[in-house]
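> Mind looking at a prediction? Sequence and model below.
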Protein chains: 2
Amino acid sequence: MSLSLEQLQAFVAAAETGSFSAAARRLGKAQSVVSTAVSNLEIDLDNALFDRSGRYPALTPAGERLLVEARVILERCEHFRGVAKSLGEGVESRLVLAVDELYPEETLGVLLEEFSHRFPAVELELLFPVMEDVSRLVLEGGADLGLMWRQEVLPPALAFRGLGWVPMQIICAPDHPLAAQQRVGWEELKRHRQLMVAVRSDSEEKMRLRVAAEVWWVESHWVIVELVKRELGWAFVPWHVAANSPAAAQLVSPELDFDDQDWPVAMELVWHKQRPLGKAGAWLQERVSHQPLPQPSLRRRSSG
Amino acid sequence: MSLSLEQLQAFVAAAETGSFSAAARRLGKAQSVVSTAVSNLEIDLDNALFDRSGRYPALTPAGERLLVEARVILERCEHFRGVAKSLGEGVESRLVLAVDELYPEETLGVLLEEFSHRFPAVELELLFPVMEDVSRLVLEGGADLGLMWRQEVLPPALAFRGLGWVPMQIICAPDHPLAAQQRVGWEELKRHRQLMVAVRSDSEEKMRLRVAAEVWWVESHWVIVELVKRELGWAFVPWHVAANSPAAAQLVSPELDFDDQDWPVAMELVWHKQRPLGKAGAWLQERVSHQPLPQPSLRRRSSG
DNA sequence: TGGGAAGTATCTGTTATCCAGATGGATGTG
DNA sequence: CACATCCATCTGGATAACAGATACTTCCCA
């Protein structure tokens, strides 16, 4: 006789209800079934799982240890059935999502938490292409969905949907020359080194934020914040990066005299027109576009 | 009809051998058993696992995905039996090991790797008590085995076995006054701040290494190395800490004129006389005492 | 202290299931 | 075109699982 799932179910139910009879009631079987199932399991494992000296069976130390293992097996079986159910319903088994670093990771976290509950069977792959365009990844099949900057010219094979605006913010170190001024002019900005996120593709849209004559290209906004802190230049960074960075308290955001806006950048969701999404992808597509992007609660001009 | 382990076994065997007949041969059953088992599984899951159009059954995409899940379940079952077997043989389900930071973690890694292969069912808890004595943990039942400094006076309830010597080394920053001298004298050492590992208990043995008048107490050797690097004092640290620290290249080890030794510290293994160890603990006890501690390959006086 | 309620182990007859072998159709090979 | 091998299905017999009944124990409470 060999291990069977019925035995494990009986074992777990008995351990959880504290009685073989109650376990039988829960499982909708006769008491004798649970009793013999547990007994057979004990014989099979050559281990006493319950101490039957009292009125109610009590878990032995071995039973205690094996209970957690049994639960794991039953959980995996449930998962197995869940995956099968998903597959039967047209849910893809794998979804690749490419995300521009500009997209607030907290918002992404909210979305993916919900996603994981709704589609536990889907293997998700998250890409954060640093030197590559999200749109190219989606275009070439490396990703199913992309979260990215709005591009003026999108390849015709791609479909898109707007997601809202990510407010940008100018930051520099407290001792930076820009910080000393009351209001910073355009020409003043030009004069100091600007730190920008590196792009490999010749995206003209991303060049919109290029202001200064001298530019350093950095792979990550988070690294840019570090460099700004060290007075290596000024930068436009998404508001959420400036707000959530551990270095935020050590940075200032000078006022601009030529523009009162936060230089928002539009985000959009892109996918390939000829590669239909499964249920999970379709759900995410819909869900993302209804998720508001975080905005500054107050219009503040200094983050120090 | 419900999921059964036999079905999963048949499924996995068929997927691995590429044929129902071969799977049946591997499982020692009739071909019809495998065939019907897989068919029933497919009905149960409402998913086609194999494409039977050809001579040999070929996994469908769904089958591909479900195969990995099925394998996980069967592996967990094997593990389940392994745990049961261990428990039946008197292997404890849990072992708590308290280790003084002085014990080389690389050596510990070697031991635990072997341990995990030999006793996969044992839950291991590793304690690195920073401000507390290992011996007290073992004495009071918080740990089953302890790896620690040799103590001159050990509580009578504890048994011990020597493990060899951990060579100690004096380190300071390159710009520290001690580094400028040819040979450092005892009185010279006394004059500068010493960094020592903090001890809460009044262990006299650990005070043996106290030299200087002014002492700072730090919770970890690794932090001490950082502080030494910043010229906050000098310290005795285990040789392996100085050698493996990322900061090692930036430190020097001045020569002492009053002693030519590395001030080695004896390590020992302790356990409670009245708390018998299970098989895993007994194995580890034996194994640790035969594991040599790493020694400097050459007698070198400067680590810069 | 002595029912009574609820629990467990075990026995029993019936039922359902599982299994090996046989058979027929399909597929690829020499 | 024969032959080996594969798969699905059928079938009778062995086997295991099941519900119910029974006897025994434990615990609670009157």
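Cool, the structure landed.
> contacts, neighbours, all on C-alpha from now
Will do.
> helix or strand right after the helix ranked longest in chain A?
The single longest helix within chain A, with elements called by DSSP state H, is helix A:61-88. Following helix A:61-88 in sequence order, the next helix or strand is strand A:94-99 (DSSP states H and E).
> now the strands for the stretch 201-304 of chain A?
In the stretch 201-304 of chain A, the strands defined using DSSP state E, counting those that start in this stretch lie at A:215-218, A:234-238, A:255-256, A:265-272.
> helices or strands next to the longest helix of chain A in the packing?
With contacts taken as 3 or more Cα pairs under 8 Å, 6 or more residues apart in numbering or on different chains; DSSP states H and E, helix A:61-88 sits against helix A:5-17, helix B:31-45, helix B:61-88.
> on that earlier part again, want to throw the strands of the stretch 201-304 of chain A into JSON lines with mean pLDDT, mean neighbour count and distance to residue B:102?
Below are the strands of the stretch 201-304 of chain A laid out as JSON lines (pLDDT from 0 to 100; neighbours: other Cα atoms under 10 Å in any protein chain shown; distance: least, Cα to Cα, whole Å):
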{"stretch": "strand A:215-218", "mean pLDDT": "86", "mean neighbour count": "16", "distance to residue B:102": "41"}
{"stretch": "strand A:234-238", "mean pLDDT": "89", "mean neighbour count": "26", "distance to residue B:102": "45"}
{"stretch": "strand A:255-256", "mean pLDDT": "80", "mean neighbour count": "20", "distance to residue B:102": "54"}
{"stretch": "strand A:265-272", "mean pLDDT": "92", "mean neighbour count": "21", "distance to residue B:102": "53"}
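> export these to JSON lines and tack on distance to residue A:159?
Formatted as JSON lines, the strands of the stretch 201-304 of chain A follow (distance: least, Cα to Cα, whole Å):
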{"stretch": "strand A:215-218", "distance to residue A:159": "29"}
{"stretch": "strand A:234-238", "distance to residue A:159": "25"}
{"stretch": "strand A:255-256", "distance to residue A:159": "36"}
{"stretch": "strand A:265-272", "distance to residue A:159": "5"}
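> re the thing from before, what about the longest helix of chain A, distance to the chain center?
Mean-position distance between helix A:61-88 and its chain equals 25 Å (Cα atoms, centre = their mean, to the nearest Å).
> what angle sits between it and helix B:5-17?
60 degrees (axes from the mean of the first three to the mean of the last three Cα atoms, to 10 degrees).
> Please state the mean pLDDT value computed over helix A:61-88.
Mean pLDDT, computed over helix A:61-88, is 91.
> can you pull the buried residues of it?
Going by neighbour count (16 or more other Cα atoms under 10 Å in any protein chain shown), the buried part of helix A:61-88 is A:61-63, A:65-67, A:69-74, A:76-77, A:79-87.
> Could you see whether DNA strand C lies near it?
No: between helix A:61-88 and DNA strand C, judged by Cα under 7 Å from any atom of the strand, nothing touches; the nearest distance is 13.7 Å.
> just to revisit the earlier point, quick one, which of the helices and strands packed on helix A:61-88 is nearest to residue A:278?
helix B:61-88 (13.7 Å; Cα to Cα).
> so what's residue A:126 up against?
Residue A:126 makes contact with A:96-99, according to Cα atoms under 8 Å, 6 or more residues apart in numbering or on different chains.
> Surely it is within a strand?
Yes: counting by DSSP: H, G, I helix; E, B strand; the rest coil, residue A:126 is part of a strand.
> pLDDT score for it?
For residue A:126, the model assigns a pLDDT of 92.
> Ok, residue A:33 next?
92.
> For residue B:292, see how far away it is.
Applying Cα to Cα, to the nearest Å, the value for residue A:33 to residue B:292 is 55 Å.
> Compare the two (neighbour count), which wins?
Set residue A:33 next to residue B:292 and count neighbours by other Cα atoms under 10 Å in any protein chain shown: residue A:33 wins out with 17 against 11.
> Helix, strand or coil: sort out the nearest residue to that one once chain neighbours are set aside for me.
Once flanking residues are discounted, residue A:33 sits nearest to residue A:24: 7.4 Å by Cα to Cα, 6 or more residues apart in numbering or on different chains. Judged by three-state DSSP, the three-state class of residue A:24 is helix.
> For residue A:24, give me its contacts.
Neighbours of residue A:24 in contact, by Cα under 8 Å, 6+ apart: A:10, A:30-31, A:33-34.
> Please repeat the previous calculation with a cut-off of 7 Å.
Residue A:24 sits next to A:30-31, A:34 when contact means Cα atoms under 7 Å, 6 or more residues apart in numbering or on different chains.
> quick one: which of these has the most company?
In terms of neighbour count, residue A:34 stands highest of the contacts of residue A:24 at 26 neighbours, by other Cα under 10 Å.
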